[in-house]
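Student: one predicted model, sequence on top.
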Number of protein chains: 2
Amino acid sequence: MNLQTERTRVKRGNKRATYDRDRINAILDSVHFCHVGYLRDGMPFVTPTLQWRDGDYVYWHGSSASSTIRGGRGLPVCVTVAAMDGLVLARSAFNHSVNYRAVMLLGEAEAVVDPDAKAEALKTMIEVMFPGRWETLRPMTATEIKATGVLRLKITEASCKIRQGGPIDEEEDYALPIWAGEIPLQTRLAAPIPDPRNLPDVEAPAHIADIVLGKSAT
Amino acid sequence: MNLQTERTRVKRGNKRATYDRDRINAILDSVHFCHVGYLRDGMPFVTPTLQWRDGDYVYWHGSSASSTIRGGRGLPVCVTVAAMDGLVLARSAFNHSVNYRAVMLLGEAEAVVDPDAKAEALKTMIEVMFPGRWETLRPMTATEIKATGVLRLKITEASCKIRQGGPIDEEEDYALPIWAGEIPLQTRLAAPIPDPRNLPDVEAPAHIADIVLGKSAT
């Protein structure tokens, strides 16, 4: 499945570009921190939030009254999902780079309006981000569902750029006595800090160990 | 110095908002991975890149021909600089959250056109991101400077949101036997991987140890 359109065709650095749905899904499913771009009064706004994928859609949420939610509903949006994986130090300033994985999705955001569909989407969010946690939680209330806005974007128009590996220098620069290389960036989850108000007999549940949200893929 | 305007006034979660220039600078100087939002044919586009601050400006760069550079020059942009610092697990799905630091800057991007000014900006980029490295590199060429586009945005209109600490639950939920807490996210630089084409007698320079780009603040 090829998601390239003229708008998403990568013009620069197109050796790094792919439009393959499986590679795009892999990034969407491992990098949940994302940036949603939308328009307000002719200005571009970019809001960081979390996205989760369910089939052919990416979802994000916020307060029903938030500008990210109001600014996206039924309107053109760009959802960019990007992670920096390392620094690339070359022999010239020009060839320094970073390793990264980035997906850009374009389209019109749809609001999830039906309360049951919204509740289902929010349950999926918790299950995707904190597997096993949903059933341990106090159930959502109708008021909470009402106060939450959920938007989604169908994955139809996308681009994806990935850079991996070490520096690529000008051929003549390899003769220079300059150290070049790659420094990987690794993100990990530190030890959980229990809420001081946890009840005395409540221990950290097993599902805490299964959380990968935010961690590096490797 | 207060950088709030009606466009950047944080409407939701405004307890987490600040417009203080020192706090904004601290984020701009520790989180270089950023997302630039711009318009093209009425669509918002969001491109990940690196930003560096020099005084009252944030700078970013790219190929002179790239859409991020062409799409920003003299036009309204939004530069969002955000890092996710941890996961916040509450007793209800609704009160789950993430800890983060985020700055949003609005304005019109200026192109740095003069070759000397551009060269100076690119030198500053290397010095900010890889302190001590500049003087070890093969000097930039006029062709490289020409091929590089540098944009900057004056820091005049900004908002900043920071969330720290553990969950905040509904008062009645604290009686529930549900584990709640915070899981910090830490990003670190792994051991450098030397380029296989480094000359045999070239060792990793001392400045490698001073690189903080991408690392967690703590």
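Tutor: Thanks, I have it.
Student: wasn't residue A:158 part of a strand?
Tutor: Yes - Residue A:158 forms part of a strand when assessed by DSSP: H, G, I helix; E, B strand; the rest coil.
Student: quick one: contacts of stretch A:206-218?
Tutor: For stretch A:206-218, the surrounding residues in contact (Cβ atoms under 8 Å, 6 or more residues apart in numbering or on different chains) are A:30, A:32-33, A:83, A:85, A:101, A:129-133, A:136, A:184-189, A:192, B:84, B:87, B:89, B:179, B:183, B:185. (Each C-beta comes from the backbone N, C-alpha and C, glycine too.)
Student: show me where chain A has strands.
Tutor: A:17-18, A:33-40, A:43-50, A:52-54, A:57-63, A:76-89, A:97-108, A:110-112, A:148-154, A:157-163, A:181-189, A:193-194 (DSSP state E).
Student: now mean neighbour count too, for these, in TSV please.
Tutor: Shown next, in TSV, are those (neighbours: other Cβ atoms under 10 Å in any protein chain shown):
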stretch	mean neighbour count
strand A:17-18	18
strand A:33-40	24
strand A:43-50	23
strand A:52-54	19
strand A:57-63	21
strand A:76-89	24
strand A:97-108	21
strand A:110-112	18
strand A:148-154	22
strand A:157-163	21
strand A:181-189	19
strand A:193-194	15
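Student: list the contacts for the nearest residue to residue A:39 once chain neighbours are set aside?
Tutor: Using Cβ to Cβ, 6 or more residues apart in numbering or on different chains and skipping the chain neighbours, the partner closest in space to residue A:39 is residue B:44 (5.5 Å). Neighbouring residues of residue B:44 by Cβ under 8 Å, 6+ apart: A:37, A:38, A:39, A:44, A:45, A:46, A:76, A:77, A:78, B:37, B:38.
Student: the last one against residue B:69, yeah?
Tutor: So that's residue B:38. No - counting by Cβ atoms under 8 Å, residue B:69 is not a contact partner of residue B:38; they are 9.7 Å apart.
Student: how far off centre is stretch A:41-49?
Tutor: For stretch A:41-49, the separation from the chain centroid amounts to 16 Å (computed by Cα atoms, centre = their mean, to the nearest Å).
Student: residue with max distance from the center of chain A?
Tutor: Within chain A, residue A:175 marks the point farthest from the mean C-alpha position, 39.9 Å out by Cα atoms, centre = their mean.
Student: residues contacting the longest helix belonging to chain A, please?
Tutor: With secondary structure taken from DSSP state H, chain A has its longest helix at helix A:115-129. Outside helix A:115-129, the residues that touch it by Cβ under 8 Å, 6+ apart are A:32, A:50, A:52-54, A:59, A:61, A:112, A:133-134, A:137, A:140, A:142, A:145-146, A:148, A:150, A:152, A:211, A:213, B:87, B:93, B:96.
Student: how about residue A:152, what does it touch?
Tutor: Taking Cβ under 8 Å, 6+ apart as the criterion, residue A:152 is in contact with A:57, A:58, A:59, A:60, A:109, A:110, A:112, A:121.
Student: nice, that's everything, thank you.
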